[in-house]
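Visitor: Here is a sequence together with a model predicted from it:
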Amino acid sequence: MNHVERFEQRQLFSNLSPLSVGSAGYSLVDDQNRPVFISGDAGWSIMTGVNRNDADLYMAKRVSKGMNFMLVNVIEARFNGPDNDEGQLPFNNNQLFTSPNERYWQNVDYVLARADELGMYVFLFPAYLGFAGSQDGWYEQLIDAGTDSAYRYGRFLGDRYESFDNIIWTMGGDRNVDEASSVTDALVSGIKDAGAPQHFTAHAALNTPGARTYNRPWLDFNNSYAYQFSYQRVREDKVERPDLATFLIEDNYENRAGTDQQTQRRQKYWAVLSGASGALMGNFPLWQFGTRWRDQLDSRLAFDMKRLREFFTARNWAGLRPDWDRQYLTRGIGNYGQDNFVTTAATADRTLMVSYLPTSRKVEIKLSKFSSPVFAKWFDPSTARMINIWDGTRSNSGRVTVAPPKFNDNNATDWVLVVETDLRGNKPNASRAPTAAGKPRLDLQGNAVRISWQDNSQNELGVRVQRRQRGQSSFRTIADLGTESVVWIDRTASRGITYDYRIVSSNVAGERRSESSRIFVGGGLRAGFFSSTPITTSIKIDRQNNDLLA
């Protein structure tokens, strides 16, 4: 396959655009330089712990909670591994890293492709190293295999997944690189030498930024790992590497001893207001798809994550910078290094300030810092209820002391204070409905229809694909996607029927529908990624010709 064919195949396949670090170093951006807020889940064992139908269920549920990222081990050393749900091992005859078992990797192909279709990026660990002193990961096996085997494994991964723009390669895994430095570099070199264009990050030991122990030229962005005082961890990580965007990769897992919903929630808000570009959550037993994992798909923390993303993406979150000097919130801040500390961030144009109060108390706002008169509200992070602090606007002069109710709707005591100058002008803002998407383009291959569209909005909180048969009056939703989605593949269309498709973009203020497009489904079926088979069919890759087959 020549370069042009490979490029065309990639464009045909990929839903999501590659990510890069924004020029300010505070967020990841897509190919149109739009900031992407990270909201995701630790689905560590999805490649081995569940079948394809359950993988579909998990990812669809995460997308329904506003999540656009997941954390995944491509091979599992211990938890629900190393064989997958079909009993397939990742490598043949115990030839670790050098003899891939095609049947195992077909399932990996499926999960990654399905994630892309749903609008999910994947922090993908090629070989999770595991906690120091444990047998949880591949640390010892990778070192024993040596740099040649690590490089060959990287070449295999890079060659196979070059076309997957939703992958972020994640090295390490709960530990510092230590003696695995040379094999880690060899693995990365293999991926890159195969032509894979994706970016890299690294997951180090607890309270250690990935950029410190994995300080390599291949590291594209950082992440922060803290089970206590995430604001402190993120602040130090940004001071150490201000050029690298960071996000909260791990903190307290839901349902673990010694933690509660308010603790888990505050770690996320603390992190974002300290300079992180989002956060991931974790849930036990969901992360390893253990007993009764399905019961956790609609957990309280999952809904908190949905509210977190909706709150920040409704505002200019990428423009927020931490207010460590107490220029905006001057009293009631609490004690740095303790659970009562209030984190505050504001935009450089002085139009927006957000503070997270881990406990209810009086705080003082310096109104003269704002560029014009302000609105102010309390946001309940447990339910998303908004409470006006005063009617209309208040003059941007002097100072004012405010206090939220003692308890929020979940009988917890944390609140978010938001002060902004213009509810309509603080773009992007969910006080107005999103701009309608562009009229969808429809491409036919057999009875699979590829729907693509132009995303014209930055404040949508949901995107739906709707379809109707010619002659019907009503559209019905056939896909509920992440906000970064600009492509959907409809494999449920029937031959001999004419369909209309449209895209619906929505947020809390309303929804906007695109113009509809029409297509007749008919003709022969040609081999390619699009297939008449249902979504539960795996993708097979012809390694000899390096091509995708139905």
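Guide: All right, it came through fine.
Visitor: from here on, contacts and neighbour counts on C-alpha atoms
Guide: Noted.
Visitor: Let me see the contact set for Arg450.
Guide: Each residue near Arg450 by C-alpha atoms under 8 Å, 6 or more residues apart in numbering is listed here: Arg441, Leu442, Asp443, Leu444, Val487, Trp488, Ile489, Asp490.
Visitor: For stretch 139-159, list the C-alpha coordinates in PDB.
Guide: As requested, the backbone C-alpha atoms of stretch 139-159 are provided in PDB (Å, rounded to 0.1, in the frame of the first residue of the first chain):
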ATOM      1  CA  TYR A 139       8.200  -5.100  34.200                       C
ATOM      2  CA  GLU A 140      10.400  -8.100  34.700                       C
ATOM      3  CA  GLN A 141       9.200  -9.900  31.500                       C
ATOM      4  CA  LEU A 142       9.900  -6.900  29.400                       C
ATOM      5  CA  ILE A 143      13.400  -6.500  30.800                       C
ATOM      6  CA  ASP A 144      14.100 -10.200  30.400                       C
ATOM      7  CA  ALA A 145      12.900 -10.100  26.800                       C
ATOM      8  CA  GLY A 146      15.400  -7.400  26.000                       C
ATOM      9  CA  THR A 147      15.500  -4.400  23.700                       C
ATOM     10  CA  ASP A 148      15.300  -6.300  20.400                       C
ATOM     11  CA  SER A 149      12.100  -8.000  21.400                       C
ATOM     12  CA  ALA A 150      10.700  -4.800  22.800                       C
ATOM     13  CA  TYR A 151      11.400  -3.000  19.500                       C
ATOM     14  CA  ARG A 152       9.800  -5.800  17.500                       C
ATOM     15  CA  TYR A 153       6.700  -5.600  19.600                       C
ATOM     16  CA  GLY A 154       6.600  -1.800  19.100                       C
ATOM     17  CA  ARG A 155       6.900  -2.300  15.400                       C
ATOM     18  CA  PHE A 156       4.000  -4.700  15.400                       C
ATOM     19  CA  LEU A 157       1.800  -2.200  17.400                       C
ATOM     20  CA  GLY A 158       2.800   0.800  15.300                       C
ATOM     21  CA  ASP A 159       2.300  -1.000  12.000                       C
END
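Visitor: Could you tell me which residues within it count as buried?
Guide: 139, 142-143, 147, 149-159 (16 or more other C-alpha atoms under 10 Å).
Visitor: Which members of the contacts of Arg450 are positioned in helices?
Guide: Among those, DSSP state H puts none in helices.
Visitor: Please pick the buried ones from those.
Guide: Buried among those (16+ other C-alpha under 10 Å): Arg441, Leu442, Leu444, Val487, Trp488, Ile489, Asp490.
Visitor: Does the third one have any beta-bridge partners, and if so which?
Guide: Using DSSP bridges, the beta-bridge partners of Leu444 come out as Val449.
Visitor: tell me which element Ile387 is part of?
Guide: strand 386-388 (DSSP states H and E).
Visitor: Give me the helices and strands touching the helix ranked longest in the chain, please.
Guide: Longest helix in the chain, counting residues (DSSP H): helix 139-160. Here helix 139-160 touches helix 181-193, going by 3 or more C-alpha pairs under 8 Å, 6 or more residues apart in numbering; DSSP states H and E.
Visitor: tell me the angle the helix it packs on makes with helix 139-160.
Guide: 10 degrees (axes from the mean of the first three to the mean of the last three C-alpha atoms, to 10 degrees).
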